[in-house]
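Engineer: fold the following.
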Amino acid sequence: MGLAIAVELKLRGLSVTVISRDFEQAAGHAAAGMLAPRAEAIPPGPMLDLCLKSRGLYPEWIDKLQHLSGLDIDYQDCGILAPVFTLPSVHDHWGIWLDKNALQLYQTNLGAEVVGAWWYPEDGQVDNRQLMQALQMAAHNLGVQIQAGITVNSIQQQHRQVTSISTSKGEWQARSYILATGSWAHQLLPLPVHPVKGQMAAVRMPPGETRLQRLLFASPTYLVPRKNGRLIIGATSESAAWGEGNTPSGIQDLLDRAIRLYPPLADWAIEDIWWGFRPGTADEMPILGAGFCDNLILAVGHYRNGILLAPITASLIADLVCQSPTDPLLNSFAWDRFPSPPEL
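Structural biologist: Okay, here's the model as predicted:
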């Protein structure tokens with residue numbers, strides 16, 4: 001999120017510095033890259049509006065990043081297939097229903113318990129790791145000052161202004177400050193953001209007719225096939241505080257659900273397992289916009305939709321920094337919407 005904002009600000013002519021303790025800890029590296037506002041059944045309201053706007057920005061945003069970085073990004077507006085194990089009682093107006101017979105013509109080898117699926121043709125995916133590489137390279141090529149390996153210890157405030165940030169390598173000052181620290185936001189400010197651990201795996205798809213062609217999302221399980229033959233399997237959702245590492249029970253649960261959905265993968269080689277922290281909030285919506293100080297802006301708490309919301313977040317936050325007209329939608333994501341806002 002910080003890199004996306006930095007690139008947008010630099011394109012608008014500002015001088016930008018990104019300070020990061022460890023880029024590799026970013027949730028963007030651990031994600032699956034689904035762009036799934038419809039498949040995830042986000043209910044009507046500001047969050048869905050925000051997600052749909054961001055999904056609409058994706059094709060142009062990817063083209064821009066590929067041009068700026070010189071790197072290819074595997075972006076696919078491929079649609080998402082959402083298999084179900086119980087026949088639905090109501091119709092989803094945004095999905096196309098495929099019964100079991102129709103589904104077999106569209107995607108073979110699904111689990112015997114699958115009774116049908118919804119097809120969401122406008123959802124898609126992006127290779128999140130390629131995206132992160134492209135963002136870093138685009139920021140570098142534009143002249144963004146990236147300061148890695150630096151820990152921010154505190155944010156100094158006086159008279160409703162941030163005066164500086166204190167770090168492991170001295171104090172830094174700027175005209176505007178943007179907090180985009182994901183699950184760690186509450187370590188610097190009293191924000192209601194908490195870590196939600198997710199464990200994931202990847203297997204190598206063999207060539208041939210058993211190779212999965214469609215992105216499958218049967219909540220909470222998703223199978224995301226990449227063009228290079230890698231299949232991403234996600235994900236657990238654990239309130240594990242800061243419990244690090246993969247666990248036997250987590251990976252077993254993950255693989256059991258994946259095999260139930262698509263049995264052929266039971267015999268495919270495991271390439272990798274990993275874990276990360278999603279930045280959760282009580283209402284599962286991000287915290288965006290003006291912060292506690294006049295020159296502080298917040299961009300945290302994106303939970304499961306950080307990759308999807310990167311382009312719209314970058315645009316909205318850049319509008320605030322540049323004092324351009326802002327989208328009224330931003331008001332729905334203010335930090336003080338929670339019942340007990342922090343007292344400073």
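
Engineer: helix, strand or coil for the residue nearest the centre of the chain?
Structural biologist: Residue closest to the average C-alpha location in the chain (CA atoms, centre = their mean): residue 306, at 2.5 Å. Using DSSP: H, G, I helix; E, B strand; the rest coil, the structure places residue 306 in helix.

Engineer: go ahead and confirm it touches residue 33.
Structural biologist: No - Residue 306 is not in contact with residue 33 according to CB atoms under 8 Å; the separation is 10.2 Å. For the C-beta atoms, the positions are set from N, CA and C on the backbone; glycine is no exception.

Engineer: helix or strand: which one has residue 270?
Structural biologist: strand 269-280 (DSSP states H and E).

Engineer: strands paired with that strand, and their directions?
Structural biologist: Looking at strand 269-280 with DSSP bridges, its partner strands are strand 194-204 (antiparallel).

Engineer: I'd like the average pLDDT over the strand it pairs with.
Structural biologist: Strand 194-204 carries an average pLDDT of 97.

Engineer: buried sites along the strand holding residue 270?
Structural biologist: The neighbour-count check on strand 269-280 (16 or more other CB atoms under 10 Å) flags 273, 275-280 as buried.

Engineer: between those residues, which is nearest residue 19?
Structural biologist: Nearest to residue 19 among these is residue 279, at 17.7 Å by CB to CB.

Engineer: for that closest one, list each beta-bridge partner.
Structural biologist: For residue 279, the beta-bridge partners under DSSP bridges are residue 195.

Engineer: what's next to the lowest-mean-pLDDT helix or strand in the chain, contact-wise?
Structural biologist: For the chain, counting by mean pLDDT, DSSP states H and E, helix 27-30 ranks last in confidence among helices and strands (a mean of 91). For helix 27-30, the external contacting residues (CB atoms under 8 Å, 6 or more residues apart in numbering) are 1, 23, 128-129, 131-132, 182-183, 198, 200, 274-279, 302, 306-307, 310.

Engineer: could you dump it to PDB, C-alpha only?
Structural biologist: Coordinates of each C-alpha in helix 27-30 appear next as PDB, following Å, rounded to 0.1, in the frame of the first residue of the first chain:
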ATOM      1  CA  ALA A  27       0.900  -8.800   3.500                       C
ATOM      2  CA  GLY A  28       1.200  -8.100  -0.200                       C
ATOM      3  CA  HIS A  29       3.900 -10.800  -0.500                       C
ATOM      4  CA  ALA A  30       1.800 -13.400   1.300                       C
END
